[in-house]
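J.: Predicted model and sequence follow; I will ask about them next.
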Amino acid sequence: MADAGGITKTWIKKHVILYTGATRHPFTVRIRDGSIDPSAFKRWLAQDYVFVREFVPFMASVLIKASKQSPEDMEVVLGGLASLSGEIDWFKREASKRDVSLANLTVHNATRNYCRLLEKLTLPEVEYAVAITAFWAIEAVYQESFAHCLEDGNNTPPELVEACQRWGSPGFREYCRSLQQIANRCLEKAPEHVVAAAETTFITILEHEIEFWNVSSGGT
Ligand SMILES: Cc1ncc(CNC=O)c(N)n1
């Protein structure tokens, strides 16, 4: 396995407080230690369903950009896009199992803001290096958060293990590493202003992920 360090790794180190805030948020830490409130999980489920629906056109826009760059990149992004269909079905099944209505749910501000960010990043004028960095960061936060819930010493409630495995599995980790390598390669070749824009986007994604988790843990 090639090294997935590169520029993205230096950013993780540089912004480690924010990165840890997103990947070790109280919401997922409580899943791991078994103290999660079932209503918090339900809140997350409904809001993430909204997010994932908006994630589809974003991914499609990255797919178009990737297809113009390299056939290998396109295949990695296509793999992610293909899995979203099953993911949407999974959200619907989980919601009906847990009596969560997806029909007339309240979209919280943090969710709406995050979806707006995705919409902006979907525009054709957003550089591929910026879009793929955002894509990697979005996936990596979930990968790191849910993998932690499955690591040794966890007390994750059995009924939440399946959810954790969606993003915490070794397969999803490999996919995230591939995205990270693509991002690093693009960033190495990118002009300085594009690298700066990608770093800003990385930070913005982390902030939105934290706000998003906050909605799930909090009452509003
Ligand atoms: C808010 C958020 N961030 C990342 C992901 C993971 N990607 C696709 O499922 C997600 N579902 N939700």
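T.: Yep, it's here. Numbers count the residues shown, from 1 in each chain.
J.: Can you tell me which residues in this protein are near the ligand?
T.: Within the chain, the positions adjacent to the ligand are 48, 51, 52, 55, 87, 138, 139, 141, 142, 212 by C-beta under 6 Å from any ligand atom. All C-beta spots, glycine's among them, are computed from the backbone N, C-alpha and C.
J.: dump the residue contacts of the first one.
T.: Neighbouring residues of residue 48 by C-beta atoms under 8 Å, 6 or more residues apart in numbering: residue 91.
J.: Same list, the residues of the chain next to the ligand, but as TSV with distance to residue 155 and secondary structure please.
T.: Formatted as TSV, the residues of the chain next to the ligand follow (distance: C-beta to C-beta, whole Å; DSSP: H, G, I helix; E, B strand; the rest coil):
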residue	distance to residue 155	secondary structure
48	22	helix
51	27	helix
52	27	helix
55	30	helix
87	26	helix
138	27	helix
139	26	helix
141	22	helix
142	20	helix
212	24	helix
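J.: what's the offset of the one helix or strand residue 81 maps to from the middle of its chain?
T.: Using DSSP states H and E, residue 81 falls within helix 71-97. Distance, stretch centre to chain centre, for helix 71-97: 12 Å (C-alpha atoms, centre = their mean, to the nearest Å).
J.: name the helices or strands packed onto it?
T.: For helix 71-97, the packing partners by 3 or more C-beta pairs under 8 Å, 6 or more residues apart in numbering; DSSP states H and E come out as helix 38-67, helix 128-150, helix 158-168, helix 170-189.
J.: winner for burial among those helices?
T.: Neighbour counts (mean count of other C-beta atoms under 10 Å) averaged over each of the helices and strands packed on helix 71-97 peak at helix 128-150, with a mean of 24.
J.: What average pLDDT does it get?
T.: For helix 128-150, mean pLDDT rounds to 98.
J.: Report the inter-axis angle for that helix versus helix 158-168.
T.: Per axes from the mean of the first three to the mean of the last three C-alpha atoms, to 10 degrees, the angle that helix 128-150 makes with helix 158-168 is 150 degrees.
J.: Alpha carbons only: can I get helix 128-150 in CSV?
T.: The C-alpha coordinates for helix 128-150 follow below in CSV (Å, rounded to 0.1, in the frame of the first residue of the first chain):
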residue,chain,number,x,y,z
TYR,A,128,-10.8,19.3,-9.3
ALA,A,129,-8.1,19.5,-6.6
VAL,A,130,-10.5,21.4,-4.4
ALA,A,131,-13.5,19.2,-5.0
ILE,A,132,-11.5,16.0,-4.5
THR,A,133,-10.0,17.3,-1.3
ALA,A,134,-13.4,18.2,0.0
PHE,A,135,-14.7,14.7,-1.0
TRP,A,136,-11.8,13.0,0.7
ALA,A,137,-12.3,15.1,3.9
ILE,A,138,-16.1,14.4,4.0
GLU,A,139,-15.5,10.6,3.7
ALA,A,140,-12.5,10.5,6.0
VAL,A,141,-14.3,12.1,9.0
TYR,A,142,-17.0,9.4,8.9
GLN,A,143,-14.4,6.7,8.4
GLU,A,144,-12.3,7.8,11.4
SER,A,145,-15.3,8.4,13.6
PHE,A,146,-17.0,5.1,13.0
ALA,A,147,-13.9,3.0,12.8
HIS,A,148,-13.2,4.2,16.4
CYS,A,149,-16.5,2.8,17.5
LEU,A,150,-15.4,-0.6,16.3
